[in-house]
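Colleague: Next come a sequence and a model predicted from it.
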Amino acid sequence: MLRLFSSLRTTIGLSLALVALAIWGSLEIQFRPGSYATIEDTILLPWLRARVGEDPRAASWVLAMMGVSALLCLNTAVCVVRRLAAHARSGRWPVRAVAAHLAHLGFLVVLAAHLHGSVSGFRSDGHQAFGGQSFSVTDRPEWRFDVGELTLELAPQGYPTLLRAQVTARQGEAVLAQGAVEVNRPLLVQGVAVYVKAVQPSVRGWGVLLPDGRAVTAEVGSPLPLPGGTLLVREWTQMGGRAIALRVEWRPASGGSRQEWVVPSPGSPLPIGPGLRWGEIVVDSLAIFDVRCDPGATMALVGSALLSLSLVPLVIRRTPGGRLAAGPGPVEVHESP
Amino acid sequence: MPDAIPAAYLWCLRGAGVATLGLGLALALGARRPLPLALAPLPLAAALVAWRTAQVGHLPLAGLHETLLTFGVSLLLVSLWPAARHRTWRLQGAAVSAAGVLWLLSSVANPRLTPLVPALQTLWFEAHVLSSFVAYAHFAVGALAGLAVLAGTSGTGVRRVLEGANRWGFVWFTWGMVGGGIWAYLAWGTYWLWHVKELWSAVVWIYYAGAIHVPHLPGWRGRLQGAASVVGFALVLFTYLGVGLLMRNSHQWQ
């Protein structure tokens, strides 16, 4: 068995098996996209758990890739350990050989980091908030993310050129982190990253004109105390044309409540309290956030750096005598003289 | 950014493509003074890159038109050093010809001027794409050397180019993957996406990781190595063009 796992033929065979599995996976995703619609919504482990029972075919190639990767890791580790032992016995540590071992070690670290992040991270996507509102995530229930100013800039052709949201992460009243979140610039909070996915105009609420002439805004989902009762706009929907209908709940101060769909027009009266009238629709910038935690990310970065940097001596240092096949990898233990 | 592409730019691109193709063929057929012919396309490449960069305000790395241009430029540059070192000018001729063909293909791809979407406005994007195309160019040189080996060329120069190109290509591709991973983490919150493009990038990386180990196996060198390089470049081409044109692709930003 040790002979098998210290063989370069095994390395190449496992590499080809991984290639075949990845190609199979790409065809699966191409031709059965429905089976993979949620694969990016969570980390890998919960997705696999759900798929193994519901759609084993969808999970099969991912599991097979994990299995072959594990064998490749074992193969890599055995080769590196045997070569290190040989160097220790001979007392010679050539730069190229050491670099090769570090590169292989980097590869192992990256795979271990990916496994770690796939079983112990979380993803909580699609949180919507207007400026001044807050949101929270179930995986960090004691935290709150306060959203400040939102910025959306568009090119003349209509493409967004800048999306920015001021975000403050708090635990109670303590500020954990704060800053401007932009595309490619997440807010990092103790290993949790907050990403802004979109900033777009959206209906925030409706103006309500008070009897004294002042205007207040009834925001969707937020009860609005008014003279004579409370107004709660539960949801809105666009009807034909530009008309918008609201599902509202009236809670008169006298008690009770009732829900109904209304089509508010500016100046029309509200049925609770005298002198209350609908104002204009209020449109504001709405931000959509993803919150993600990958505890293996730092480890993956370290492994990638190790792999990337260790490859340099392998290509820039010439082989003694300039012979061909001056490659860096583990030698074929059984066939080398 | 201007609203339209100057027609002169596309005609110059076509002209440069035809000229480079001709120079490459002259080299491949065994020109007596190969170095001037090999260097001649470089000013054209610099001018095209500068012109396009001035048009769009960033390096030409986004979209098929720009990446074909960059692929051609990379191929010219990375094939020059091994050719000069190992005197493999005929092989260099094939690479120069291929660069000319890439520019001709670029001239017929849509050269629309669109601003970079926010996700692409980062140095990590440029590092990722540039490293990938330098890697692709090395893999292309490796494949041309592999074809030469398969065709019976026996010189050690071609074999050295074959091994060196694949090794350098693997290093650049690794850097490209790492750069792409860092960019993806900053932009989307994960350095790995289960998308077709990422899977095919993994296919290329794993394949060449295996391929660069092949020379260590006595008896596997020579024609098998050549065949492996050609197959590897077929995977590269599918990853670059096939995935974008034939499959559902997460890399279609605009």
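Modeller: Received the coordinates, thanks. Numbering: from 1, shown residues only, chains lettered A, B, ... in the order given.

Colleague: Would you mind listing the residues in contact with residue 73?
Modeller: Unless you meant another one, I'm taking chain A. If a contact means CB atoms under 8 Å, 6 or more residues apart in numbering or on different chains, then residue A:73 has A:108, A:111-112 as its contacts. Where C-beta positions appear, they are placed from N, C-alpha and C, glycine not excepted.

Colleague: wrong one, chain B
Modeller: Under the criterion of CB under 8 Å, 6+ apart, the contact partners of residue B:73 comprise B:45, B:48-49, B:99.

Colleague: For those, which entry has the maximal number of neighbours?
Modeller: The member of the contacts of residue B:73 surrounded by the most neighbours (other CB atoms under 10 Å in any protein chain shown) is residue B:99, with 30 neighbours in all.

Colleague: and the host helix or strand of that one, what other elements does it pack with?
Modeller: According to DSSP states H and E, residue B:99 maps onto helix B:89-108. Based on contacts counted as 3 or more CB pairs under 8 Å, 6 or more residues apart in numbering or on different chains; DSSP states H and E, the elements that helix B:89-108 packs against are helix B:7-28, helix B:34-39, helix B:41-56, helix B:63-86, helix B:123-150.

Colleague: and the first one, which residues are buried?
Modeller: Burial within helix B:7-28, assessed by neighbour count using 16 or more other CB atoms under 10 Å in any protein chain shown, is assigned to B:9, B:12-13, B:16-17, B:20-28.

Colleague: So, low pLDDT: which residues of the chain?
Modeller: Chain wasn't specified; assuming chain A. Counting by pLDDT under 70, the ranges of chain A that qualify are A:317-337.

Colleague: please go with chain B instead
Modeller: For chain B, applying pLDDT under 70 flags the ranges B:1-3, B:248-254.

Colleague: which helix of it spans the most residues?
Modeller: When chain B is scanned for its longest helix (criterion: DSSP state H), the result is helix B:156-188.

Colleague: what angle do it and helix B:89-108 make?
Modeller: Inter-element angle recorded for helix B:156-188 and helix B:89-108: 30 degrees (by axes from the mean of the first three to the mean of the last three CA atoms, to 10 degrees).

Colleague: From the contact counts, what lies against the next helix or strand after helix B:156-188?
Modeller: Per DSSP H and E, the first helix or strand lying C-terminal to helix B:156-188 is helix B:196-211. In this structure, helix B:196-211 makes packing contacts with helix A:8-31, helix B:156-188, helix B:223-237, helix B:243-246, judged by 3+ CB pairs under 8 Å, 6+ apart.

Colleague: Give me the residues contacting helix B:196-211.
Modeller: Counting by CB under 8 Å, 6+ apart, the neighbours of helix B:196-211 from elsewhere in the structure are A:11-12, A:15-16, A:18-19, A:22-23, A:25-26, A:29-30, B:139, B:166, B:169-170, B:173-174, B:177, B:180, B:192, B:225, B:228-229, B:231-232, B:235-236, B:238-239, B:243-244, B:247-251.

Colleague: Give the PyMOL command for selecting the buried subset of the residues you listed.
Modeller: Selection command for PyMOL covering only the buried members of these, criterion 16+ other CB under 10 Å:
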select buried, (chain A and resi 11+12+15+18+19+22+23+25+26+29+30) or (chain B and resi 139+166+169+170+173+174+177+180+192+225+228+229+232+235+236+238+239+243+244+247+249+250)
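
Colleague: Neighbours of the closest residue to chain A within the stretch 1-150 of chain B, how many?
Modeller: Sorted by distance to chain A under CB to the nearest CB, the residues of the stretch 1-150 of chain B start with residue B:118, at 3.8 Å. The number of residues packed near residue B:118 is 21, by other CB under 10 Å.

Colleague: That one - nearest residue in space that isn't next to it in sequence?
Modeller: Across the structure, with CB to CB, 6 or more residues apart in numbering or on different chains as the measure, the residue nearest residue B:118 apart from its sequence neighbours is residue A:183 (3.8 Å).

Colleague: what's near enough to touch the one you found?
Modeller: Residue A:183 makes contact with A:163, A:195-196, B:118-119, B:121, B:187, according to CB under 8 Å, 6+ apart.

Colleague: and those residues, which two are the farthest apart?
Modeller: The most widely separated members of those, counting by CB to CB, are A:195 and B:121 (15.1 Å).

Colleague: more neighbours, these two?
Modeller: A direct count of neighbours by other CB under 10 Å for residue A:195 and residue B:121 places residue A:195 higher, at 23 against 16.

Colleague: Wasn't that one part of a strand?
Modeller: Yes - checked against DSSP: H, G, I helix; E, B strand; the rest coil, residue A:195 lies within a strand.

Colleague: right, and residue B:236 touches residue B:138 too?
Modeller: No - at 9.8 Å, residue B:236 and residue B:138 do not qualify as touching, with contact defined as CB atoms under 8 Å.

Colleague: residues of stretch B:29-48 that come out buried?
Modeller: In stretch B:29-48, counting by 16+ other CB under 10 Å, buried: B:31, B:34, B:37-38, B:40-41, B:44-45, B:48.

Colleague: I'd assumed residue A:262 was in contact with residue A:243.
Modeller: No - Residue A:243 is not in contact with residue A:262 according to CB under 8 Å; the separation is 11.2 Å.

Colleague: Confirm that residue B:116 sits in a strand.
Modeller: No - secondary structure of residue B:116, determined by three-state DSSP: coil, with no strand assignment.

Colleague: can you give me phi and psi for it?
Modeller: When read as degrees, to the nearest 10, the backbone of residue B:116 gives phi -70, psi 130.

Colleague: again, but for residue A:159
Modeller: Torsion angles at residue A:159 (phi, psi; degrees, to the nearest 10) stand at phi -80, psi 140.

Colleague: neighbours around it, how many?
Modeller: As a burial measure, the neighbour count of residue A:159 was computed by other CB under 10 Å and equals 14.

Colleague: That one and residue B:119 touch, don't they?
Modeller: No - with contact defined as CB under 8 Å, residue A:159 does not reach residue B:119; the gap is 11.2 Å.

Colleague: Contact residues of the stretch 51-200 of chain A facing chain B?
Modeller: Residues of the stretch 51-200 of chain A that fall close to chain B, judged by CB under 8 Å from any CB of the partner chain: A:62, A:114, A:123, A:155, A:157, A:159-163, A:182-186, A:193, A:195.

Colleague: pretty sure residue B:131 is touching residue B:181, no?
Modeller: No - with contact defined as CB under 8 Å, residue B:131 does not reach residue B:181; the gap is 11.7 Å.

Colleague: Figure out how far stretch A:104-113 is from the centre of its chain.
Modeller: 22 Å (CA atoms, centre = their mean, to the nearest Å).

Colleague: How about residues contacting that stretch?
Modeller: Contacts to stretch A:104-113, defined as CB under 8 Å, 6+ apart, come from residues A:69, A:73, A:76-77, A:79-80, A:296-300, A:302-308, A:310, A:329-330.

Colleague: again, 10 Å this time
Modeller: Residues from elsewhere that reach stretch A:104-113 (CB atoms under 10 Å, 6 or more residues apart in numbering or on different chains): A:66, A:69-70, A:72-74, A:76-77, A:79-80, A:83, A:294-311, A:328-330, B:174, B:177-178, B:181, B:191, B:209.

Colleague: Among the residues you listed, name the buried ones.
Modeller: Buried subset of the contacts of stretch A:104-113 (neighbour count, 16+ other CB under 10 Å): A:66, A:69, A:72-73, A:76, A:79-80, A:83, A:294-297, A:299-301, A:303-304, A:306-308, A:310-311, A:328-330, B:174, B:177-178, B:181, B:191, B:209.

Colleague: Which residue, other than its chain neighbours, is closest to the residue in the stretch 1-150 of chain A positioned nearest to chain B?
Modeller: Nearest residue of the stretch 1-150 of chain A to chain B: residue A:15, at 3.2 Å (CB to the nearest CB). Ranked by CB to CB, 6+ apart and with sequence neighbours excluded, the top spatial neighbour of residue A:15 is residue B:210, at 3.2 Å.

Colleague: Distance of that neighbour relative to residue A:10?
Modeller: Residue B:210 sits 11 Å away from residue A:10, taking CB to CB, to the nearest Å as the criterion.

Colleague: Give the buried residues for whichever strand or helix holds residue A:143.
Modeller: Secondary-structure element containing residue A:143, defined by DSSP H and E: strand A:140-154. If you call a residue buried by 16+ other CB under 10 Å, then strand A:140-154 has these buried ones: A:140, A:143-147, A:150, A:152.
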